[in-house]
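J.: return atomic coordinates for the entry below.
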Amino acid sequence: MVANFIRQALRGDPITVHGDGKQTRCFTYIEDAVAGTLLAGEVKEALGEAFNVGSTSETSILDLAKMVKRLARPKSPIEFLTYEAYYGEGFEDTRRRVPSVEKAKRLLGFTPRVDLETGLKKTIAWCREHYTH
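T.: Predicted structure coming up:
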């Protein structure tokens, strides 16, 4: 979703939000995900355990689209697309996704360090350099 929004914005295309955009997700910057994964492989107490290494900071999809628009291409419009138009009849989206990260915090000492806006700025800069329009 993040990559798609950024790609659309950098092309100057409409940023397409599925549904009403009120569904929420928690986004984790890749550096944080890698750091948490490495900790899971290095901490003795983590052996044989599974972890959610992520953020619990919820952001609506519409707010994400607005942030990408502001940071990447302010003139890109945000357009709403029904689930049916994109996925077909019968698709149901999860309204809220928040990982349980207590175990990662307790056993690994993991907490994400990069907030969403900072991570988006870094990702947009990378995309500008590597994507062909």
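J.: hey, let's count contacts and neighbours off CA atoms from now on
T.: Noted.
J.: quick one: Leu116 and Glu58, what's the gap?
T.: Noted for Leu116: a distance of 10 Å to Glu58, by Cα to Cα, to the nearest Å.
J.: the helix or strand of the chain at the bottom of the mean pLDDT ranking packs against which elements?
T.: Ranked by mean pLDDT, DSSP states H and E, the weakest helix or strand in the chain is helix 83-87, scoring a mean of 83. Contacts defined by 3 or more Cα pairs under 8 Å, 6 or more residues apart in numbering; DSSP states H and E place helix 83-87 against no helix or strand at all.
J.: compute the number of surrounding residues for Gly12.
T.: Per other Cα atoms under 10 Å, the neighbour tally for Gly12 reads 17.
J.: tell me the contacts of the closest residue to it other than its chain neighbours?
T.: Sequence neighbours aside, Ser76 is the residue nearest to Gly12 in space, at 5.3 Å (criterion: Cα to Cα, 6 or more residues apart in numbering). Going by Cα atoms under 8 Å, 6 or more residues apart in numbering, Ser76 touches Ala9, Gly12, Asp13, Pro14, Ile15, Lys69.
J.: quick one, phi psi at Ser76?
T.: Phi and psi for Ser76, reported as degrees, to the nearest 10, are phi -70, psi 130.
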